[in-house]
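>>> What follows is a predicted structure for the sequence shown.
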Amino acid sequence: MDEQKVLSIKGLLDDTPEEYLSHKEKYENSIRKSVLFYKTLHSTEDENMSVDEKTKLNFRNIVTSAIFKDNSPFMLHNSMFIPTIMGQGTDEQREYWMKRAKNMEIIGTYAQTELGHGTFIRGLETQATYDPDTEEFVLHSPVLSSYKWWPGGLAHTANYCIVMARLYIKGKSHGIHPFMVQIRDEETHMPLPGIKLGEIGAKLGFNTVNNGFLGFENHRISRDRMLMKNAQVLKDGTFVAGSNSKLTYGTMVYVRVLIVSNMANMLAKAVTIALRYSAIRRQSQPKPDEPEPQILDYVTQQHKLFIAIASSHAFYMNAMWLWEIYYSVSLQLASGKLDNLPELHALACCLKPLSTIDATAMIEKCRLACGGHGYMLSANLAQTYGLATAAYTYEGENTVLLLQAARSLVKAWVGHVKGRPLKGTMAYLAGDSTVKAWDGSIDGIIQSFKVVAIRKISSVVKILQDYEKSGLSPEDAWNKASVFLTAASEAHGRAVLLSVYKSEMDKRAAVLSPPLRKVLLQLVDLYVTYWALEKVGDMLLYASITDKDVDELQRRYIELLAAIRPNAVGLVDAFDFRDEILNSTLGAYDGRAYERLMEEAMKSPLNAEPVNQTFHKYLKPFMRGKL
Ligand SMILES: CC(C)(COP(=O)(O)OP(=O)(O)OC[C@H]1O[C@@H](n2cnc3c(N)ncnc32)[C@H](O)[C@@H]1OP(=O)(O)O)[C@@H](O)C(=O)NCCC(=O)NCCSC(=O)/C=C/CC(=O)O
Ligand SMILES: Cc1cc2nc3c(=O)[nH]c(=O)nc-3n(C[C@H](O)[C@H](O)[C@H](O)COP(=O)(O)OP(=O)(O)OC[C@H]3O[C@@H](n4cnc5c(N)ncnc54)[C@H](O)[C@@H]3O)c2cc1C
């Protein structure tokens, strides 16, 4: 994928900043650019892509989000529509639909969330009732809350969509299944009969994604439009259940894994902008006889930014590791082996939340670290925040996913106590649950995070069991303990993030040049030390850290900031974002932030004339007391 080729597409980069376009113009401009962009790339997702190619695809998401300073209305076509065909379609269905989708003959989206339900999939109300006489499904939205609401591209862009609907046969519900539905005429693009479409309105971000609503009025589709890889409806209406009803949730697991790598990229973009700006911005005069220093030389500024570099590396390493697990589990599923699906689900339910929580917070910290100019839309930090914070919610709201992970952790712990072996990423739960003396080495700290997770999981299980002994139902006990269930999941996720980052770096260290190895391992050290200090309460409670150890840890952290400082700009340059992709007045490689701020300011339509017409219409009469 040649970045230069993409960015040299004529008309792809805006001369009129999107900030000054209307809501409608933003959408129309994003369609224009999406067509230009995808015509050039003409490549869409293929589940057989290698992990490296997957990263490139992820790169495409970065390029599109950069070029649009938001996301493309084609986004769901690649991130969910195509993966669902691949994951849920029969061979024939894949054969037919993949050709049309990959050639962009049709544009699709993934319509699952409804006005009334997003998290609770089993509560979805859109109906797909099988009519054996005509061998059709009748799609219907019985109430307003059953309208599909949120799907990207649904409003005016897509002409097909995957609809997740409740299957009814002879009055009996058979759960939620995926249906391929044409929603617009391929020639006129008019909504088909019995289909109501529209846009859901302006949002915090995602304002070029064309999120829409969709309602059905007894709209009929043929039987072959149900994606029947996992479950089938025969001509006579016989329902054949899949081996596991959660296989229909497969696309969401895939996107949760993708989000971890997206967070690595988004955070890398934000810290590149903030750090480069911190290298050119000079402010204050701590030493009277010396010039104003670069704000990057303030240790507080280094504290704000260097963890973002290390976190981007950590998310990237974890994402590549998770992709490998995803692909191996996908191959196992293809041969009917489901054993490792729960572990993949639990991992995705930990790493998607933690990467989005950290990335959102750190991107905001990057914006704040740029002072007033960070507040400019031309800095592209607010938009990056808007994209990242959306991922906190979509693809499984973070709290809900952490509770899902807690479900697996509680099951694993209860099984362990009963003597059942633990496996995979939960095997460490069988390890030593005490730290006799604080070990401040990187491996020692990571081991302490594992002990924290063991202790939090075991103690929340005890709380659950005590509540149930007191007579509470399992559901009420679960809800009562849920704050500490999410805390246990977070502790598990933190232990995974840290240990995978370290082990993946160790694997790569051998092939790095000594200077590069030194810098990258400093980032690992910074990451582990930062989180030990952030979670010092847990370390005091479970890892026998003393006040002397904390003092040592603080001094080590300060020394690490100083050690990384000389390479800080080089580390963000190594993310290798072109100016067009950063799309930021503050983050350009040439460091001409002030000139770019002024250049962008002059593009404001208000600067087209020295006196705005409201002076004569309102101000002057008002100031003359004539209004
Ligand atoms: C919260 C969920 C998972 C609850 O699902 P539910 O069917 O209610 O299951 P249970 O909580 O009862 O758990 C039963 C059982 O199933 C296992 N399980 C659940 N999900 C999966 C899965 N994906 N893969 C494998 N196994 C799964 C669970 O572990 C339990 O196992 P036990 O052994 O413990 O019994 C569900 O409602 C959910 O996923 N909600 C989130 C909805 C969501 O993610 N929506 C995304 C819509 S698309 C979107 O947001 C797009 C955004 C734009 C973009 O991405 O660009
Ligand atoms: C930018 C964006 C793009 C999106 N794109 C798409 C798309 O393309 N296709 C699509 O289908 N959907 C899409 N969505 C919808 C998204 O998937 C849902 O918003 C998400 O799943 C959360 O569901 P919800 O909105 O119903 O929130 P809710 O679940 O109502 O969450 C509200 C609060 O309730 C809490 N809560 C809910 N259930 C529980 C529970 N069991 N235990 C404890 N607390 C709970 C949550 O933690 C949260 O604090 C998009 C959303 C956004 C923001």
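Arrived safely. Residues are numbered from 1 along each chain as shown. Ligands and ions are numbered 1, 2, ... in the order given.
>>> For the rest of this, base every contact and every neighbour count on C-alpha atoms.
OK.
>>> so after the helix or strand hosting V550, what's the next helix or strand?
According to DSSP states H and E, V550 maps onto helix 547-564. Sequence-wise, the next helix or strand downstream of helix 547-564 (DSSP H and E) is helix 568-573.
>>> Show me what that next one is packed up against.
helix 250-280, helix 299-334 (3 or more C-alpha pairs under 8 Å, 6 or more residues apart in numbering; DSSP states H and E).
>>> I'd like to know how many residues surround V35.
16 (other C-alpha atoms under 10 Å).
>>> how close does it sit to Y249?
30 Å (C-alpha to C-alpha, to the nearest Å).
>>> Might you enumerate the residues of the stretch 301-450 of the chain proximal to ligand 1?
The stretch 301-450 of the chain comes close to ligand 1 at residues 341-342, 345, 394-396, 400, 407-408, as judged by C-alpha under 6 Å from any ligand atom.
>>> Which pLDDT value belongs to whichever residue of the stretch 351-500 of the chain sits closest to ligand 2?
Proximity of the stretch 351-500 of the chain to ligand 2 (C-alpha to the nearest ligand atom) peaks at Y394, 3.9 Å away. At Y394, the model reports a pLDDT of 97.
>>> and S378, what does it touch?
Going by C-alpha atoms under 8 Å, 6 or more residues apart in numbering, S378 touches 583-585, 597, 600.
>>> likewise I280?
Applying C-alpha under 8 Å, 6+ apart, we find I280 in contact with 294-295, 591, 593.
>>> Could you check how many residues crowd around the closest residue to G194 other than its chain neighbours?
Using C-alpha to C-alpha, 6 or more residues apart in numbering and skipping the chain neighbours, the partner closest in space to G194 is E217 (4.5 Å). Counted with other C-alpha under 10 Å, residues neighbouring E217 total 14.
>>> Can you name the residues that contact E217?
Shown in contact with E217 (C-alpha under 8 Å, 6+ apart): 139-141, 194-195.
>>> Torsion angles phi and psi at it?
phi -120, psi 90 (degrees, to the nearest 10).
>>> Excluding covalently adjacent residues, which one is nearest to the residue nearest the centre of the chain?
Nearest to the mean C-alpha position of the chain, counting by C-alpha atoms, centre = their mean, stands I259 at 3.4 Å. Leaving out its chain neighbours, the residue that sits closest to I259 by C-alpha to C-alpha, 6+ apart is K352, at 6.3 Å.
>>> would you say the one you found is within a helix?
Yes: K352 forms part of a helix when assessed by DSSP: H, G, I helix; E, B strand; the rest coil.
>>> Run a quick check on it versus R256, I expect a contact.
Yes: the criterion here is C-alpha atoms under 8 Å, and K352 meets it with R256 at 5.6 Å.
>>> Looks like V569 contacts L275 (just checking).
Yes: V569 is within contact range of L275, at 6.8 Å (criterion: C-alpha under 8 Å).
>>> Point out the residues in the stretch 1-150 of the chain that sit beside ligand 1.
So the stretch 1-150 of the chain meets ligand 1 at 76, 112-113, 118-122 (C-alpha under 6 Å from any ligand atom).
>>> and if you look at the stretch 151-300 of the chain?
246, 249-250, 252-253.
>>> and F206, what is it in contact with?
For F206, the contact set (C-alpha under 8 Å, 6+ apart) comprises 70-71, 386-387.
>>> go with 7 Å
70-71, 387 (C-alpha atoms under 7 Å, 6 or more residues apart in numbering).
>>> And L627, by the same measure?
By C-alpha under 7 Å, 6+ apart, the neighbours of L627 are P621.
>>> For T614, see how far away it is.
Relative to T614, and taking C-alpha to C-alpha, L627 is found at 13 Å.
>>> Pass me the low-pLDDT residue ranges in the chain, would you?
Along the chain, segments meeting pLDDT under 70 span 1-9, 15, 42-68.
>>> V435 is in what secondary structure piece?
Here V435 is covered by no helix or strand, with elements defined by DSSP H and E.
>>> so it makes contact with S544?
Yes: counting by C-alpha atoms under 7 Å, V435 does reach S544; the two are 6.1 Å apart.
>>> OK, now which residue of the stretch 151-300 of the chain is nearest to ligand 1?
For the stretch 151-300 of the chain, C-alpha to the nearest ligand atom, closest residue to ligand 1: Y249, 4.5 Å.
>>> Ok, the stretch 501-627 of the chain next?
For the stretch 501-627 of the chain, C-alpha to the nearest ligand atom, closest residue to ligand 1: I581, 19.1 Å.
>>> Next, count neighbours for that residue.
21.
>>> circling back: give me the subset of the residues of the stretch 1-150 of the chain next to ligand 1 lying in helices.
L76 (DSSP state H).
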